[in-house]
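K.L.:
structure here, sequence nowhere to be found:
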């Protein structure tokens, strides 16, 4: 068959041009120009023309909306068939894919996806890993706010409050009496803070867990029976655990280690003034001791060291007091011993004692400087009991600075009596100079007899 071409045919036979005739027709009658189909020369020569009548656009059955939309799409030279569109159009198009392996896949775009709130369930190991560093930090600082905040911020931990308390008790089994006292105080704080959330039942469940695992706990802590019994009795004394829990548990258990724990707790509660005594069931340890008690213990340690020169025993006694932030009192008592004895040999022993404590890290640099500063602050009152205190202190501080125990600035910051303007060099180089200094008056008080 012949290949057909579509061309525009001339309309007017007059002298006007073809373009003008078409424009006139379109303008006057709003008509489309006719079209003629011409055959290309092939097996049959000649041209066959077919004419069509003009049809009004108003009466046309073709969609005019489609025609206009196509014009609108091509506005600005973008869009249309065979082109990509204007630059930047791809950023306005929404990327959507059903392929889960596609990088642009978004599960929220799936119409059949329904999202539901799911509460995360912790295992016992995960709970211990989460609360262990916080409890250990509490034992170091004594501030339970961090533990309370952790439970509040992680609402998923609240249903496992019994597990947290049981783990805190296990930490107390491995610690010292000061640590157990802090655990008992933590139980009180947790009980008060989460009482409305069921902390009473959580505490009972925690003790029940410990009783159930008493055989395993005894492998790591041989005296766990005594410790758990004291924890129970202390909780009852603090109004955190109901006494009926102990009586009911005793009736349920006829033998075994768990019954021994409950029997001990009941015995501690029934002794005379038992509730009052249970406040000190862990003894006065750590920072719970009064200051004067700690001062006397430090003084006894220093006296024993001066007489025996047993450094290891002295360090053991110091660390057993468990007051790492109160060791400046040890420095204070050591300097006081030097001034009280006024002996060069005592000065040498005490200086070596402080040096060994500093080198071994028993006493920090800040604690050492604080001990000397406290002596300086109390020097006016010390002079009333020890008139030569300023001279002895100057001699001792200078020798300590020479050994690197304290900075030179601390050694030169010793306060002098107000009327003592002649002794500005603060150093006593000989016994004669000490005698000459004692003949002067300190604030109107004559030191020479």
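P.N.:
Here it is on my side, so go on. Everything numeric in this text was worked out from a predicted model, so none of it was measured.
K.L.:
tell me the pLDDT at residue 110?
P.N.:
We note a pLDDT of 61 for residue 110 in this prediction.
K.L.:
meant to ask about residue 130, not that
P.N.:
Reading off the model, residue 130 has pLDDT 90.
K.L.:
tally of neighbours for it?
P.N.:
16 (other CB atoms under 10 Å). For every residue, glycine as well, the C-beta is placed using N, CA and C.
K.L.:
isn't it right next to residue 124, touching?
P.N.:
No - Residue 130 is beyond contact range of residue 124, at 10.9 Å (criterion: CB atoms under 8 Å).
K.L.:
A helix includes residue 246, no?
P.N.:
Yes - counting by DSSP: H, G, I helix; E, B strand; the rest coil, residue 246 falls inside a helix.
K.L.:
wait, it sits on residue 264?
P.N.:
No - counting by CB under 8 Å, residue 246 stays clear of residue 264, with 10.0 Å between them.
K.L.:
these two: who's more crowded?
P.N.:
residue 246 (21 against 18).
K.L.:
low-confidence ranges in this structure?
P.N.:
1-98, 107-115, 284-288, 416-449 (pLDDT under 70).
K.L.:
how about 50 then?
P.N.:
Where the chain drops to pLDDT under 50, the residues are 1-20, 22, 25, 28, 35-52, 65-74, 419-449.
K.L.:
do you know how far residue 414 is from residue 381?
P.N.:
15 Å (CB to CB, to the nearest Å).
K.L.:
between the two, which is the more surrounded one?
P.N.:
Each of residue 414 and residue 381 has its neighbours counted (other CB under 10 Å); residue 414 has more, 16 against 9.
K.L.:
so the more buried one, which state does it fall into?
P.N.:
Taking three-state DSSP, the label given to residue 414 is coil.
K.L.:
for it, give me its contacts.
P.N.:
376, 379, 390, 393-394, 397, 426 (CB atoms under 8 Å, 6 or more residues apart in numbering).
K.L.:
pretty sure residue 190 is touching residue 199, no?
P.N.:
Yes - counting by CB under 8 Å, residue 190 does reach residue 199; the two are 6.2 Å apart.
K.L.:
what sits in contact with each of those two?
P.N.:
Contact with both residue 190 and residue 199 is made by residues residue 161, according to CB under 8 Å, 6+ apart.
K.L.:
mind listing what's buried along stretch 257-268?
P.N.:
257-262, 264-266, 268 (16 or more other CB atoms under 10 Å).
K.L.:
let me see the contact set for residue 257.
P.N.:
Per CB under 8 Å, 6+ apart, neighbours of residue 257: 214-215, 218, 225.
K.L.:
between residue 246 and residue 264, which contacts overlap?
P.N.:
Going by CB under 8 Å, 6+ apart, no residue sits against residue 246 while also sitting against residue 264.
K.L.:
residue ranges of the strands in this protein, please?
P.N.:
4-8, 35-39, 441-442, 445-446 (DSSP state E).
K.L.:
what touches both of residue 130 and residue 124?
P.N.:
What both residue 130 and residue 124 touch, as defined by CB under 8 Å, 6+ apart, is an empty set.
K.L.:
ok, the nearest residue to residue 354 once chain neighbours are set aside to residue 131 distance?
P.N.:
Spatial nearest neighbour of residue 354, chain neighbours left out: residue 405 (5.4 Å); criterion: CB to CB, 6 or more residues apart in numbering. Residue 405 sits 41 Å away from residue 131, going by CB to CB.
K.L.:
equivalent analysis for residue 350, please.
P.N.:
Taking CB to CB, one finds residue 350 at 45 Å from residue 131.
K.L.:
and what of residue 395?
P.N.:
Residue 395 is 53 Å from residue 131, by CB to CB.
K.L.:
helices along the stretch 201-350 of the chain, start to end?
P.N.:
214-220, 224-237, 243-252, 257-270, 274-277, 291-308, 311-320, 328-341, 344-359 (DSSP state H, counting those that start in this stretch).
K.L.:
closest to residue 208 out of those?
P.N.:
Between residue 208 and the helices of the stretch 201-350 of the chain, the tightest spacing by CB to CB is seen for helix 243-252, at 7.8 Å.
K.L.:
just the helices in the stretch 51-200 of the chain please.
P.N.:
Under DSSP H, counting those that start in this stretch, the stretch 51-200 of the chain gives helices at 64-73, 89-92, 124-141, 145-153, 161-174, 177-193, 199-212.
K.L.:
list the helices and strands the last one packs on?
P.N.:
Counting contacts by 3 or more CB pairs under 8 Å, 6 or more residues apart in numbering; DSSP states H and E, helix 199-212 packs against helix 161-174, helix 177-193, helix 224-237, helix 243-252, helix 257-270.
K.L.:
got the angle for the second one vs helix 124-141?
P.N.:
Using axes from the mean of the first three to the mean of the last three CA atoms, to 10 degrees, the direction of helix 177-193 lies 110 degrees away from that of helix 124-141.
K.L.:
other residues contacting helix 177-193?
P.N.:
Applying CB under 8 Å, 6+ apart, the set of residues contacting helix 177-193 is 135, 138-139, 142, 144, 147-148, 151, 161, 164-165, 168-169, 171-172, 175, 199-200, 203, 227, 230-231, 234-235, 238, 240, 282-283, 285-288, 322.
K.L.:
just the buried residues from these, in ChimeraX please.
P.N.:
This is how ChimeraX selects the buried members of those, with burial counted by 16+ other CB under 10 Å:
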select :135,138,139,144,147,148,151,161,164,165,168,169,171,172,175,199,203,227,230,231,234,235,238,240,282,285,286,287,288,322
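K.L.:
right, and residue 271 touches residue 281 too?
P.N.:
No - Residue 271 lies out of contact with residue 281 (CB under 8 Å); the separation is 11.4 Å.
K.L.:
which of those two has more residues huddled nearby?
P.N.:
A direct count of neighbours by other CB under 10 Å for residue 271 and residue 281 places residue 281 higher, at 18 against 11.
K.L.:
pretty sure that one is touching residue 268, no?
P.N.:
Yes - taking CB under 8 Å as the definition, residue 281 is a contact partner of residue 268 at 7.3 Å.
K.L.:
shared neighbours of the two, anything?
P.N.:
Counting by CB under 8 Å, 6+ apart, the residues touching both residue 281 and residue 268 are 230, 233.
K.L.:
burial check on residue 317, number of neighbours?
P.N.:
By other CB under 10 Å, 16 other residues sit near residue 317.
K.L.:
next: residue 401.
P.N.:
Around residue 401 there are 17 residues (other CB under 10 Å).
K.L.:
quick revisit: narrow the contacts of residue 414 to those in helices?
P.N.:
Residues of those located in helices (DSSP state H): 376, 379, 390, 393-394, 397.
K.L.:
dump those to CSV, plus neighbour count and distance to residue 194.
P.N.:
Output for those, formatted as CSV (neighbours: other CB atoms under 10 Å; distance: CB to CB, whole Å):
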residue, neighbour count, distance to residue 194
376, 16, 49
379, 18, 52
390, 25, 58
393, 24, 54
394, 19, 58
397, 24, 53
